[in-house]
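Peer 1: Structure of the sequence below:
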Amino acid sequence: MAIRTYTTAGVNLLWSNVANWDTGVPADTDSAVIPAGQTCTLDVNQTLFPTGMAGLTINGTLQASLLVDSYLKMAGNITATAAGGIFYAGTGTGASRFPSARVCTVYFNGNYQFACNALNYLTLKFWCYAPTASYAQLISATSKAITSVTTGTTTTIGCTGHGYSAGAVIYLANVGGFDGRLSNRTFHITTVATDSFTIHYPDSDIAVDSTGFGTWTAGGLVCPSQAEAAAQTQLEIDTNLSADPEWGRAGARVRIDNINRASSPELLTLASAPAATYITTTVGLAATKLSGSLAILVTRNVRILSSATAITNGMIRYGTGHQLDCEIRPGGTADGVTEAINSVFAGGVISGCNYGVASGSGHSLSGGVISGCTYGINYGSGHSLSGGVISGCTYGINYGSGQFLRPGVSMSLNTRDMYGLCVFDGYGATLGSATQVAAFNNNVEGLNPPNGRAQILIRDIGGVSGALKAWMYAGRIIDRSGVEPNFTVGLTRKFIFENNATPVFLDRVIHAENGKLVSVSASFQKDTNAMTQTPLMQIFDAGADPFDGYAASATFTMTDNLLQQDTTLTFTATRTGNWVVRVRGQHASGNLWMAMAITIGIGGVPKILPTLKVGLLW
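Peer 2: Numbering: from 1, shown residues only. Here you go, the predicted model:
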């Protein structure tokens, strides 16, 4: 149980060199210290240590060897007592990432952790070898290719000899084009022909109006609702992973997150490297899995593992500027990363935790995976989510403040994507679970926003492509209620304003071709004068941040009276793509009735699309 201090007295920087330590290479139950200014290369395998090292203090630099596998077994914390300590594997992106031929493992044998010190002395920089894909979708072996897509007020899918009947539930995977609006989602079949069928949205049971969606480019599969049966070991997937060294690594494990209303995750080990169209597991599925369920690779070649089912304050606590492109997995539902600051999760995976990421601030999820946790992200503030997946969790994001969700991040297969909204900003995030936002009423409506724009816009609500809701401190948008004005266009919606500082939004995403006209006919009527922001309608580029800095291409602002006001706003698209029609306004008290109908220009002459109405937004 000696304390060994690293000295770099030897001819190299290797941990294994006895000359580099004051009293010999650390043994089982020893503690080790790497002083400030010293650099040590971890090149030892401690798997045969009966217990593990009693502690490791890194005030200098510890780097994982690029030439041999390394395994650090700990029966105590890894920490630092002075600023500047760093532990890293790999040195960044591309070829500098940790090589696939090597594995670096830190194994905590009990209730121990990276205790990065309350003063944030120790920084972890882990860049695992990046797999080709972090996950693949399950599809049935009986899936069939899509041969065409016909858009319009009804949508027809061409599929030769599909064999389905009206009322069947199907899953469309990897459909090219349409900005993803027909891809990787469930539909009902409405009418059938031998080689085609029309589709409805599953929850609302209304026809899929794909007018303005754009053009089918290529590809796509029609999958039966169920992909795999219980006891199945060969699981068909939509991605060819046969050449990926991470999926083919011995002992690689996958978490299967189901797409149904209960995520029912399972953690399985791969029996062999993937084939071109399927993976094979060592044991069969415990329960059936639906098409679209995710097979998530939860192993990486840079690993932080633990035997503990409960770890006080997580496997990584404190620290600032961590790069956690690695595997973080406890032996049970312990916590992952807690109370850290400004960590980056760009390609790693946190799985099987109670809290995947808890408390802390300023974290960035740009490509990593949080899977199978009770709480994916719990509390904390100022996190930025711009990519990656949160899936198979009971709560994808739970409370917190100032989190910003951008297009690219996907939450799916959770029991609840978001719970207890508390100052979430963002737009364009994909929420795809049975309950996308829960408990927002008591936590949001009627309260005073701390930052003036505390809200999140969420697209594809209820499985309706392009549908959008806005939750915010400032107020809410509701369905028709009360005595409606006698508007003649569209379907009526009612805004309720509850705050002077934050506007309420209602958006409709449309597709227009370059040089073609967009015409919006709308009716408005409000019941309060002198609003903080008199309600207005705008058209702007869908790629713009809808909160800050966008330039409206056309605007109509209401006159400040209580009368019905009608307008037609016309705009010529300057590019082919998506545009946004927005109605917004703000006030501490008051209501706004509105309705709109949108027409899209054909050859310079607007063509009325009677079913493209605001009614699909809510």
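Peer 1: What distance do you get for the closest residue to T333 other than its chain neighbours to T39?
Peer 2: Spatially, and ignoring its direct neighbours in sequence, T333 is nearest to N354 (4.4 Å; C-beta to C-beta, 6 or more residues apart in numbering). Where you see a C-beta, it was placed from the backbone N, CA and C, and this is true even at glycine. Shown here: N354 relative to T39, a distance of 36 Å by C-beta to C-beta, to the nearest Å.
Peer 1: Among the two, which residue is more densely surrounded?
Peer 2: N354 (20 against 13; other C-beta atoms under 10 Å).
Peer 1: Got the domain ranges for this protein?
Peer 2: According to automatic domain parsing, the chain comprises the domains 147-219, 474-617.
Peer 1: is it possible to export the ones you listed to CSV including distance to S306?
Peer 2: As requested, the domains of the chain are exported to CSV (distance: least, C-beta to C-beta, whole Å):
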stretch, distance to S306
domain 147-219, 34
domain 474-617, 40
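Peer 1: These: lowest mean pLDDT?
Peer 2: Ranked by mean pLDDT, the domains of the chain end with domain 474-617 at the bottom, a mean of 73.
Peer 1: Now do the buried residues in the longest strand along the chain.
Peer 2: If you go by DSSP state E, the chain has its longest strand at strand 577-602. Using 16 or more other C-beta atoms under 10 Å as the burial criterion, the residues of strand 577-602 that qualify are 578-587, 590-601.
Peer 1: nearest to N258, of the domains of the chain?
Peer 2: domain 147-219 (12.4 Å; C-beta to C-beta).
Peer 1: just to revisit the earlier point, residues contacting the residue nearest to T333?
Peer 2: 333-335, 373-375 (C-beta atoms under 8 Å, 6 or more residues apart in numbering).
Peer 1: same question, Y71
Peer 2: Y71 touches 44-47, 103-105, 107, counting by C-beta under 8 Å, 6+ apart.
Peer 1: Does it belong to a helix, a strand or coil?
Peer 2: strand (DSSP: H, G, I helix; E, B strand; the rest coil).
Peer 1: For it, name its beta-bridge partners.
Peer 2: In this entry, Y71 is beta-bridged to N45, T105, by DSSP bridges.
Peer 1: Ok, M411 next?
Peer 2: Applying DSSP bridges to M411 gives these bridge partners: I390, L431.
Peer 1: okay but it is in contact with Y419, surely?
Peer 2: No. With contact defined as C-beta atoms under 8 Å, M411 does not reach Y419; the gap is 11.4 Å.
Peer 1: Overlap in contacts, the two.
Peer 2: Contacts common to M411 and Y419, judged by C-beta under 8 Å, 6+ apart, are I397.
Peer 1: When the two are compared, which one has more neighbours?
Peer 2: M411 (27 against 22).
Peer 1: ok, now how distant is the residue nearest to Q403 when sequence neighbours are not counted from T57?
Peer 2: Closest residue to Q403 apart from its sequence neighbours, by C-beta to C-beta, 6+ apart: H383 at 4.7 Å. Distance, H383 to T57, by C-beta to C-beta: 30 Å.
Peer 1: So these two - more neighbours on which side?
Peer 2: A count of neighbours by other C-beta under 10 Å puts H383 above the other of H383 and T57, at 24 against 21.
Peer 1: what about that one, distance to G368?
Peer 2: In terms of C-beta to C-beta, H383 sits 12 Å off from G368.
Peer 1: So, low pLDDT: which residues of the stretch 1-150 of the chain?
Peer 2: Scanning the stretch 1-150 of the chain for pLDDT under 70 picks out no residues.
Peer 1: ok, now with 90
Peer 2: Scanning the stretch 1-150 of the chain for pLDDT under 90 picks out the ranges 1, 8-11, 91-96.
Peer 1: contacting residues around the residue nearest the centre of the chain?
Peer 2: Geometric centre of the chain, nearest residue: S410, 2.8 Å, by C-alpha atoms, centre = their mean. Residues near S410 by C-beta under 8 Å, 6+ apart: 388-391, 429-430, 432.
Peer 1: Among those, pick out the one closest to S143, please.
Peer 2: G432 (19.8 Å).
Peer 1: Quick check: phi and psi at the closest one.
Peer 2: phi -130, psi 20 (degrees, to the nearest 10).
Peer 1: Would you agree it is in contact with R416?
Peer 2: No. Judged on C-beta under 8 Å, G432 makes no contact with R416 at a distance of 12.0 Å.
Peer 1: before we move on, back to that, so which of the contacts of S410 sits lowest on pLDDT?
Peer 2: Comparing the contacts of S410 by pLDDT, A429 comes last, at 68.
Peer 1: Which residues are in contact with S210?
Peer 2: 149, 151-152, 155, 178, 181-182.
Peer 1: now those residues in TSV, with neighbour count and distance to D28?
Peer 2: Below are the contacts of S210 laid out as TSV (neighbours: other C-beta atoms under 10 Å; distance: C-beta to C-beta, whole Å):
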residue	neighbour count	distance to D28
V149	23	63
T151	19	67
G152	16	71
T155	24	65
F178	21	59
R181	20	58
L182	24	58
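Peer 1: Against T574, how distant is G515?
Peer 2: Taking C-beta to C-beta, one finds G515 at 8 Å from T574.
Peer 1: rewinding a little: on the pLDDT front, check the residue nearest to T333 for me.
Peer 2: 93.
Peer 1: Same check on the one 5 residues further on?
Peer 2: According to the per-residue confidence, S359 scores 92 in pLDDT.
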